[in-house]
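Q: dropping a prediction and its sequence here:
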Amino acid sequence: MGHSHGHDHGHSNLKGRNLIISILLNILITVAQVIGGLISGSLSLLSDALHNFSDVLSLIISYIATLLSKRQASTNKTFGYKRAEIIAAFVNAATLIMVALILIKEASERFFEPQAIESNVVIWLSLLGIVANGFSVLLLKKDSKSNMNMKSAYLHLLTDMLASVAVLIGGLLMKFYEVYWVDAALTLAIAIYLIFVGYDLLKDSTRVLMLFTPDTIHVKQIVEEVCKITSVKNIHHIHIWQLNEDEVHLEAHVDFNEDIKLSEFDNILDEIEEVVYHKFGINHVTIQPEHGKCGSKQIIVQD
């Protein structure tokens, strides 16, 4: 028998208008920085443009996810499109790391052979990045407090703004002190940051796609808490997985001390739900009741 603990469908409350404005602003920044990077010869500006382009993809994914989340599940899509953004995040993270590795190669070569940079272009375009990303950050700040997806986009844009600040500092150093190697150094710093962010995103999306138990949940603690409930003999054959950023599922077999009625089981199921929701954040529970049934009673069973 199964039961689901009610939860808030956060994606349906996203502000699509703010996301569209942020997407358009980041497209503007990306195009301007690519053109400016080619004209000025600044590798750090081009690397920042790639970073902003990754944010455009990230914001588009967030917006598409908002639209897809409104679609109802069906007989051939019983979970609907709840994992679309996880798959996209995995692909984007892998691409992000590949781009960062290419940037490191280019920056290493440029570091030993510094080239003159048109610093004025770098300065003005980095200022454009600071203003546009700063405005996007303000647009998404409110929604970021109530939705994990929006919080991710918000933090990404915030770090973009800081990256533009770094590029601005580099442009000023090149303009007034002709320290051209700083361009390659900033490119390396941005690339390393991209690897850091990309790796975390790749790891997290892989865990979700592979149905791994979330890091914050400890199975043995769940067993201890559920076994404190009256009439429960043991809980075994446990599966815990994260469907997306909002839903965590628990599936298990529960062995009872007595041959209880179905109505009694429903009451115990409510208790189990409350325990795992409030203590472990699990909001979807499916329990198979058992009494005196032969079979493995191991917590984790190799199906």
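A: Received the coordinates, thanks.

Q: who is I235 paired with across the strands?
A: Bridge pairing for I235 (DSSP bridges) gives the partners V254.

Q: from I287, how far out is it?
A: Distance, I235 to I287, by C-beta to C-beta, to the nearest Å: 8 Å. Bear in mind the C-beta positions are built from the backbone N, C-alpha and C, glycine included.

Q: who's more crowded, those two?
A: Taking other C-beta atoms under 10 Å, I235 and I287 do not tie; I235 has more neighbours (23 against 20).

Q: so the more buried one is in contact with E225, correct?
A: No - applying C-beta atoms under 8 Å as the test, I235 and E225 come out as separate, 9.4 Å apart.

Q: give the next helix or strand downstream of whichever strand or helix holds V34.
A: Using DSSP states H and E, the element containing V34 is helix 16-40. For helix 16-40, the following helix or strand on the C-terminal side (DSSP H and E) is helix 43-68.

Q: and that next one, what does it pack against?
A: Other helices and strands packing on helix 43-68, by 3 or more C-beta pairs under 8 Å, 6 or more residues apart in numbering; DSSP states H and E, are helix 16-40, helix 84-112, helix 119-144, helix 148-177, helix 181-209.

Q: may I have the phi/psi pair for E178?
A: phi 50, psi 40 (degrees, to the nearest 10).

Q: that one and G171, how far apart?
A: Taken as C-beta to C-beta, the span from E178 to G171 is 12 Å.

Q: T213 now?
A: Distance from T213 to G171, by C-beta to C-beta: 47 Å.

Q: ok, those two, which is more surrounded?
A: Counted by other C-beta under 10 Å, T213 and G171 do not tie: G171 has more neighbours, with 28 against 18.

Q: what's near enough to touch the more buried one?
A: Each residue near G171 by C-beta atoms under 8 Å, 6 or more residues apart in numbering is listed here: S42, I117, S119, N120, V122, I123, S126.

Q: can you do 6 Å?
A: S119, V122, I123, S126 (C-beta atoms under 6 Å, 6 or more residues apart in numbering).

Q: repeat that for L186.
A: Applying C-beta under 6 Å, 6+ apart, the residues contacting L186 are S44, A166, G170.

Q: please repeat the previous calculation with a cut-off of 10 Å.
A: Going by C-beta atoms under 10 Å, 6 or more residues apart in numbering, L186 touches 42-45, 47-48, 107, 122, 163, 166-167, 169-171, 173.

Q: for L45, same thing?
A: 32-39, 117-118, 121-122, 125-126, 129, 164, 167, 170-171, 183, 186-187.

Q: tell me the buried residues within these.
A: 32-34, 36-37, 117-118, 121-122, 125-126, 129, 164, 167, 170-171, 183, 186-187 (16 or more other C-beta atoms under 10 Å).

Q: please report how far the nearest residue to I23 once chain neighbours are set aside lies from H51.
A: With sequence-adjacent residues excluded and distances taken as C-beta to C-beta, 6 or more residues apart in numbering, I23 is closest to L59, at 4.7 Å. Noted for L59: a distance of 13 Å to H51, by C-beta to C-beta.

Q: who touches both of those two?
A: With C-beta under 10 Å, 6+ apart, L59 and H51 have common neighbours N26, H156.

Q: between the two, which is the more surrounded one?
A: H51 (28 against 25).

Q: isn't the more buried one up against I192?
A: No - with contact defined as C-beta atoms under 10 Å, H51 does not reach I192; the gap is 11.9 Å.

Q: shared neighbours of the two, which are they?
A: Joint contacts of H51 and I192 (C-beta under 10 Å, 6+ apart) are A100, L103.
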